[in-house]
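1. got a predicted structure here, sequence first:
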Amino acid sequence: MNPQLNFRGATPPRRLSPRRTTRASITVASATALVLALASCSSADDGTATSESSTSASASASASASASSTEAASSDSVVALAEAFAATLSDDQLTELNQEYTFDNAANWSNLPNALVAGGGPGGGSGTGRVGLQTDSLSDEQWTALEDLLAAATGTAENEGFDEIMQHLAADDYLADNGGGDDYGRGQYFIAFLGTPSDSGTWELQFGGHHLAVANTYTDGALAGATPSFRGIEPMDTVEVDGETVQPEQQERAAFAALLAALDSDQLSTAELSSSYGDILLGPGEDWAFPETSEGLVGAELSDEQKELVLAAINTYVGDIDDENAATILAKYESELDETYIAYSGDTAMESAGDYIRIDGPSVWIEFSMQNGIVLSGAHPHAVWRDKDGDYGGLTS
């Protein structure tokens, strides 16, 4: 078998760059440690968390939070690594990689497997498939260069950012090998440069496939937007793939469950939505369709501890981008917490199909929705992070 044509078994192992460590003053690691510590306290009453898993995750988060860094993930490094990746490609591959910076191309993402996107399935857009270079054509060298680029553009915390992306690819390999077939696997993802990578003008780094959408837009050398950012995972349970542990999204679920567990009965009543939700509202094709009226419990009615839990839940999404930009965005969202609403439907444990929660602020929009299994039995999540100013770097049409 040609290793350049099938990477479900031949892809280089998950790589974590040792030169990039956490810089943010409120890091994903430290926020996750807070969530798990508080969830552990709550578990004595509601049984939603275990002492062993909380202690392990908290220790790992604390170790990451104590690390220091001398190198930030700047736009310069992203551009340089984008150029380095492009330099490994053939002319035909470059033709697929380099696409125009247009709203149609930027909005051409989906949570569905590409076979359904190309077939025009629900939520699949135009039926023409994703734009960009499909990863099934990449050699070992090209995969390495792509991972270096993704690592520079994303966060460094365990189970977030780059680590999360690598686990998503492994999870799709798992689906391919456990009933999903050729429509799944890391060869079914797409990388595109919308516009030319440069520190002048605007371009977007787009990467995605089943259950994953990365959309980093850069303008004149600065990150102008990191959304829409979609994350889903099947299976939700921890599995092993080629010796690697796959467990992304579990921190997100634990963060939302800890937040809801910290609300008293009156607050829960205010936060509960009158309708049930089978999926997220602002998925693919629902760009700039934010509700005009916010629902639920407003942040001004929360205690300081509860606000920290809201911030920690937000941070499990913001922390998917590079640490320096994540800190800036998180600080903005923190300043808006009093005007940010929490709303949910279903069960507060966020473990079963139909469980749903959203965070709706002046800028931030995050939804988390538990779905029935598609390839496997058991519930799994769909989640989206959007920004009311920064989606597609502000591009609206």
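-> It's in. Residues are numbered from 1 along each chain as shown.
2. tally of neighbours for A87?
-> A87: 10 surrounding residues under other CB atoms under 10 Å. Placement of C-beta: from N, CA and C, glycine included.
3. okay, helices next: where are they in the protein?
-> 28-46, 51-65, 75-87, 91-97, 103-106, 114-118, 140-153, 161-175, 250-261, 265-271, 304-318, 323-335 (DSSP state H).
4. could the ones you listed go into CSV alongside mean pLDDT and distance to S198?
-> Converted to CSV, these look like this (pLDDT from 0 to 100; distance: least, CB to CB, whole Å):
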stretch, mean pLDDT, distance to S198
helix 28-46, 45, 29
helix 51-65, 35, 32
helix 75-87, 92, 6
helix 91-97, 98, 15
helix 103-106, 96, 17
helix 114-118, 88, 28
helix 140-153, 98, 15
helix 161-175, 97, 23
helix 250-261, 98, 33
helix 265-271, 98, 45
helix 304-318, 98, 25
helix 323-335, 97, 18
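5. distance to T396 added to those, as CSV?
-> Converted to CSV, the helices of the chain look like this (distance: least, CB to CB, whole Å):
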stretch, distance to T396
helix 28-46, 29
helix 51-65, 37
helix 75-87, 23
helix 91-97, 25
helix 103-106, 7
helix 114-118, 22
helix 140-153, 23
helix 161-175, 27
helix 250-261, 28
helix 265-271, 30
helix 304-318, 22
helix 323-335, 20
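6. those helices: which one's closest to A383?
-> Of all those, helix 250-261 sits nearest to A383, with 6.4 Å by CB to CB.
7. for the closest one, C-alpha coordinates in PDB please.
-> What follows is helix 250-261, C-alpha atoms only, in PDB (Å, rounded to 0.1, in the frame of the first residue of the first chain):
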ATOM      1  CA  GLN A 250     -14.600  15.800  27.800                       C
ATOM      2  CA  GLN A 251     -13.200  18.900  29.400                       C
ATOM      3  CA  GLU A 252     -15.900  21.000  27.700                       C
ATOM      4  CA  ARG A 253     -18.700  18.700  28.900                       C
ATOM      5  CA  ALA A 254     -17.200  18.800  32.500                       C
ATOM      6  CA  ALA A 255     -17.000  22.600  32.400                       C
ATOM      7  CA  PHE A 256     -20.600  23.000  31.400                       C
ATOM      8  CA  ALA A 257     -21.800  20.400  33.900                       C
ATOM      9  CA  ALA A 258     -19.800  22.100  36.700                       C
ATOM     10  CA  LEU A 259     -21.300  25.500  35.800                       C
ATOM     11  CA  LEU A 260     -24.900  24.200  35.900                       C
ATOM     12  CA  ALA A 261     -24.200  22.300  39.100                       C
END
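8. bridging residues for the most centrally placed residue in the chain?
-> Nearest residue to the geometric centre of the chain (CA atoms, centre = their mean): R231, 4.2 Å. Beta-bridge partners recorded for R231 (DSSP bridges): L212, A383.
9. which residues touch it?
-> Contact analysis of R231 by CB atoms under 8 Å, 6 or more residues apart in numbering lists 164, 168, 211-212, 248-249, 252, 317, 320, 381, 383-385.
10. which positions in stretch 338-352 come out as buried?
-> Neighbour counts over stretch 338-352 (16 or more other CB atoms under 10 Å) mark 340-346, 348-351 as buried.
11. what of stretch 169-187?
-> By 16+ other CB under 10 Å, the buried positions in stretch 169-187 come out as 169-176, 180, 183-187.
12. nearest to L133, out of the helices of the chain?
-> Nearest of the helices of the chain (CB to CB): helix 91-97, 4.1 Å.
13. what's in contact with that closest one?
-> Helix 91-97 has contacts (CB under 8 Å, 6+ apart) with 86, 89, 132-134, 137, 142, 191-193.
14. same thing but 10 Å
-> Residues from elsewhere that reach helix 91-97, judged by CB atoms under 10 Å, 6 or more residues apart in numbering: 82, 85-90, 131-134, 137-139, 142, 190-193.
15. just the buried ones from those?
-> 82, 85-86, 88-89, 131-134, 137-139, 142, 190-193.
16. state the number of residues packed around E141.
-> If you count neighbours by other CB under 10 Å, E141 ends up with 12.
17. could I get the contacting residues of the spatially closest residue to it that is not a sequence neighbour?
-> Excluding the flanking residues, the one nearest E141 by CB to CB, 6 or more residues apart in numbering is T88, at 5.6 Å. By CB under 10 Å, 6+ apart, the contact list for T88 reads 94, 138-139, 141-146.
18. from F193, how far out is T88?
-> Separation of T88 from F193 (CB to CB, to the nearest Å) stands at 14 Å.
19. also I342?
-> Using CB to CB, we find I342 at a distance of 37 Å from F193.
20. equivalent analysis for M350, please.
-> Relative to F193, M350 is positioned 36 Å away (CB to CB).
21. thought H210 was touching Y184?
-> Yes - assessed by CB atoms under 10 Å, H210 is found in contact with Y184 at 6.3 Å.
22. anything in contact with each of those two?
-> Residues touching both H210 and Y184 by CB under 10 Å, 6+ apart: 113-115, 171-172, 175-176, 234, 374-375.
23. just give the nearest non-adjacent residue to E295, would you?
-> Closest to E295 by CB to CB, 6+ apart is A343, at 4.9 Å.
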